[in-house]
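Chemist: What shape does this take:
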Amino acid sequence: MDKLINSLISDILKTRDDVNDAQSERDNSRPEWSAILNRPQKFLSDYADFDAALTAAGKTAPTDLIVNRSVSITANKNVPANINLIMQDSGMFTVSAGVTLTVGSMRDPGNRQIFAGAGAKLFGSKAVQFYNLQWWIPRTDFADITAAFNDAYKSCGNNGGGLVVIPSGSWLSSGGHIVPSDTTTMGVGGSRVYAAANNIALFRVNGTGNRRAVNFDNFIINGYYQNSRKTGLRGIVANADAGQIYLLSCKRMIFEIVETAIHHEAQTHGEGICWEFENCATSDGTTAFKCDSVNSSQLFTNCRFHVDFNGIIFDLKYTGGFEANKCLFISVPNSSGGLPNSGATVIKTFGTHNVIKFTGCQDESVEYFLKTDINDFAAGLFILEENLIQSKIQPSADTTIYSRNNKYVWDGSGNVKGNVAGANLAFYSDDDEFTVRVGADPEVLTENIGVFAGGSFIARHVSRLNRSSKFTGNTQFLQKLISPNGETDSGTTPPFANKLRPALEALTEVDTTTHPGVNHPFFRIGVKTPTGNTAAWQFGRDPVTGNLIVSSNMPGFDTIQFSTDGIALKSPTGVMRKLVLNNDGTVTSVPL
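Modeler: Modelled structure (predicted):
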């Protein structure tokens, strides 16, 4: 038996050796393997100097030059691509100021410094697979990484793009790094770049002649150095000056104490197209993202943004399409534990824009969710879906908001306010929930608001003004009321429809067992006259007959008519006037 086992083992080992020999012969027969195996190797220590070694290697035959001692480069030097540099032992290039060393081919020397001196250390096309900034800098915290970035990005430009790797550690930069197309800048974990001075932009993407596929991934930009906060610091600045920047992306980026994390500067005819930000965060700072360009589009996903007092997370002077998904917006909470008074804003717009959309987002300790500024009356549409919003919406310009499946948690003073006469807010609400944070009264939506609700707990429309600040009709509002007797709403109130007449008709179907009492004021519609008087109609259901009951605070004004195109009410003058829902979501009053 032992002889049989030994024989089997011997056969297996022999078969394995035969396979390995055959594989080796096949590998050696491949051109690339043959070239490497047959490539001559020369040691720098065998020659008088670097120039003599280059001369011996020639400019055509593939040759490995093993750099095993220090080399001083005092004149411009171009190492041809046929010479593959292999850095060993104490091998290092020290390049004098004003001099450029260009390497045509080099084996990865690992995570160590191989370049020194004030001169430029560049790589030719396809010289290396990536650019490790550790090759340029010592392994010392807060070593100056400025020249390393600049040399690596110039090398990426020579190569038509590339990967720039930031080693782990804390590094110091004076900024102004010009990032070319098709270039990814990536940290390896724990990679921090600190600003060395005030009022600088660390990374710049210039769009003249177009830029594309510029990526930043997995490192930290920090504006706090030597116990001082660097003012005016911008992390990433894109400047599409008469050009286009396609597909700029930031992933796993953290901006610590940076005045503006990302800034899309405005330039003539400049476009920033399909920009994407994913799993990014800001810690303190004034602005997370600022956009001054009309022709742009951005997507933010799973981001966390924290700003200081009076900070603005998204500051959009102009913008194109904009979307934020599953993001968290935070500012400084009120020290007394009350409502936020940080002055911070999630999004502020100025001028024209396309659709701006928030989905699945949440704000905490932010005072304003949305603020708009004066514009040319061509503002675009805001879409809010499935968000938790606890801050104010206070536009100062014509604004249209479509709100669906959101939860609003506000204070009792009213958090949706148009605060400039002549500017109109159209707020369309569908299946939203409004919760009052403090006080017993339902939320009051005040001044210059147009609200039409479908399935929401509350809605109101107040003061429709035209741009000349004159009433175009009587004031109308819709509001769900809390029971005066204190009984709770069981949630069986049917949802308001998105039209006025179906909304009122739906109310006649309320379950009277959960809403008892004749003339229960579960719905009210009011009309404010040009003289300032308000006529209010309450609608209830007689629990015995099931008839709709209408009452008014003004005797004789309880006349109401329904039609397919609107609702007619008697005005204070005794004339029936019809309320018409316009295509733009506003309501006007016209005589019958």
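
Chemist: Mean pLDDT per helix and strand in the chain: which one sits at the bottom?
Modeler: Using mean pLDDT, DSSP states H and E, strand 475-479 stands out as the lowest-scoring helix or strand of the chain, at a mean of 30.

Chemist: Tell me which residues of stretch 324-331 come out buried.
Modeler: Residues of stretch 324-331 classed as buried: 324, 325, 327, 329, 330, 331 (neighbour count, 16 or more other CB atoms under 10 Å). (Each C-beta comes from the backbone N, C-alpha and C, glycine too.)

Chemist: Then stretch 176-186?
Modeler: Under the neighbour-count criterion of 16+ other CB under 10 Å, stretch 176-186 has 177, 179, 180, 181, 182, 183, 184, 185, 186 buried.

Chemist: Tabulate these (JSON lines), appending secondary structure.
Modeler: Shown next, in JSON lines, are these (DSSP: H, G, I helix; E, B strand; the rest coil):
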{"residue": "177", "secondary structure": "strand"}
{"residue": "179", "secondary structure": "coil"}
{"residue": "180", "secondary structure": "coil"}
{"residue": "181", "secondary structure": "coil"}
{"residue": "182", "secondary structure": "coil"}
{"residue": "183", "secondary structure": "strand"}
{"residue": "184", "secondary structure": "strand"}
{"residue": "185", "secondary structure": "strand"}
{"residue": "186", "secondary structure": "strand"}
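
Chemist: All the strands of the stretch 1-150 of the chain, residue numbers only.
Modeler: Listed in chain order, the strands found in the stretch 1-150 of the chain under DSSP state E, counting those that start in this stretch are 41-43, 63-67, 70-73, 77-79, 83-87, 92-95, 100-103, 115-116, 120-123, 131-132, 143-144.

Chemist: Packing partners of the fourth one?
Modeler: The one in question is strand 77-79. Where contact means 3 or more CB pairs under 8 Å, 6 or more residues apart in numbering; DSSP states H and E, strand 77-79 is packed against strand 100-103.

Chemist: Name the strands paired with the strand it packs on and say parallel or antiparallel.
Modeler: Within its sheet, and counting by DSSP bridges, strand 100-103 is paired with strand 77-79 (parallel), strand 120-123 (parallel).

Chemist: okay, the ones you listed, which one's buried deepest?
Modeler: Most buried of those by mean neighbour count (mean count of other CB atoms under 10 Å) is strand 120-123; its value is a mean of 22.

Chemist: From the rest of the structure, what touches that strand?
Modeler: For strand 120-123, contacts defined as CB atoms under 8 Å, 6 or more residues apart in numbering pick out 93, 95, 99-104, 106, 115, 131, 135-136, 147, 150-151, 154-155, 158-159.

Chemist: And stretch 240-249, by the same measure?
Modeler: Under CB under 8 Å, 6+ apart, the answer for stretch 240-249 is 205-216, 238, 264-265, 267-278, 293.

Chemist: tell me which of the buried residues of stretch 176-186 is nearest to residue 62?
Modeler: residue 182 (27.4 Å; CB to CB).

Chemist: per-residue pLDDT, the closest one?
Modeler: Looking at residue 182, its pLDDT reads 95.

Chemist: ditto for residue 24
Modeler: pLDDT recorded at residue 24 is 48.

Chemist: give me the low-pLDDT residue ranges for the stretch 301-450 of the chain?
Modeler: The stretch 301-450 of the chain contains residues with pLDDT under 70 at 334-339, 352, 374-380, 411-426, 434, 436-450.

Chemist: The same query, at a cut-off of 80, please.
Modeler: Counting by pLDDT under 80, the stretch 301-450 of the chain contains low-confidence residues at 318-320, 333-340, 351-353, 373-380, 394-400, 409-450.

Chemist: hang on, the earlier thing: list the ones among the buried residues of stretch 324-331 that fall in strands.
Modeler: Within the buried residues of stretch 324-331, residues falling in strands by DSSP state E are 324, 325, 329, 330.

Chemist: Among these, which pair sits farthest apart?
Modeler: 325 and 330 (16.9 Å).

Chemist: one step back: okay if I get the buried residues of stretch 324-331 as TSV plus distance to residue 193?
Modeler: Formatted as TSV, those follow (distance: CB to CB, whole Å):
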residue	distance to residue 193
324	26
325	28
327	24
329	25
330	23
331	25
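
Chemist: how about the residues you listed, which pair is most distant?
Modeler: It's 325 and 331 that sit farthest apart of the buried residues of stretch 324-331, by CB to CB, at 20.3 Å.

Chemist: the helices in the stretch 1-150 of the chain, which residues?
Modeler: 2-29, 31-37, 50-57, 146-159 (DSSP state H, counting those that start in this stretch).

Chemist: now residue 85, nearest residue through space, not along the chain?
Modeler: The shortest distance from residue 85 to any non-neighbouring residue, by CB to CB, 6 or more residues apart in numbering, is to residue 106 (4.4 Å).

Chemist: Who does residue 402 form a beta bridge with?
Modeler: In beta-bridge terms (that is, DSSP bridges), residue 402 pairs with residue 383, residue 428.

Chemist: got the contact list for the closest residue to residue 133 other than its chain neighbours?
Modeler: Beyond its immediate neighbours in the sequence, the residue positioned closest to residue 133 (CB to CB, 6+ apart) is residue 148, lying 4.3 Å away. Neighbouring residues of residue 148 by CB under 8 Å, 6+ apart: 133, 135, 136, 137.

Chemist: and what of residue 309?
Modeler: Residues in contact with residue 309 (CB under 8 Å, 6+ apart) are 331, 332, 342, 343, 344.

Chemist: Mind doing that once more with 10 Å?
Modeler: Counting by CB atoms under 10 Å, 6 or more residues apart in numbering, residue 309 touches 286, 331, 332, 341, 342, 343, 344, 367.

Chemist: Please flag which of these sit within helices.
Modeler: If you go by DSSP state H, the contacts of residue 309 have nothing in helices.

Chemist: Go through the residues you listed and name the one nearest residue 167.
Modeler: Distances from residue 167 to those, taken by CB to CB, are shortest for residue 286, at 29.6 Å.

Chemist: before we move on, back to that, right, and the strands paired with strand 100-103 - which one's nearest residue 260?
Modeler: strand 120-123 (29.9 Å).

Chemist: that older thread, can you report how many residues neighbour the residue nearest to residue 85?
Modeler: Burial of residue 106 is recorded as 20 neighbouring residues (other CB atoms under 10 Å).

Chemist: What pLDDT does the model give it?
Modeler: 97.

Chemist: wait, isn't it in contact with residue 155?
Modeler: No - Residue 106 is not in contact with residue 155 according to CB atoms under 10 Å; the separation is 11.1 Å.

Chemist: between these two, what contacts are shared?
Modeler: Residues touching both residue 106 and residue 155 (CB under 10 Å, 6+ apart) are 123, 124, 127, 128.

Chemist: quick one on the thing from earlier: roughly how far does the residue nearest to residue 85 sit from residue 121?
Modeler: 11 Å (CB to CB, to the nearest Å).

Chemist: now swap in residue 114 and tell me
Modeler: Residue 114 is 9 Å from residue 121, by CB to CB.

Chemist: Are there residues contacting both of the two? Which ones?
Modeler: Common neighbours of residue 114 and residue 121, using CB under 10 Å, 6+ apart, are 93, 103, 135, 136.

Chemist: OK, contacts around the first one?
Modeler: With contacts defined as CB under 10 Å, 6+ apart, residue 93 is in contact with 50, 67, 70-73, 77, 79, 85, 87, 101, 103, 114-117, 119, 121, 135.

Chemist: in the stretch 151-300 of the chain, what spans have low per-residue confidence?
Modeler: Across the stretch 151-300 of the chain, the ranges flagged by pLDDT under 80 are 207-209, 240-243, 266-272, 293-295.

Chemist: Noted, bye for now.
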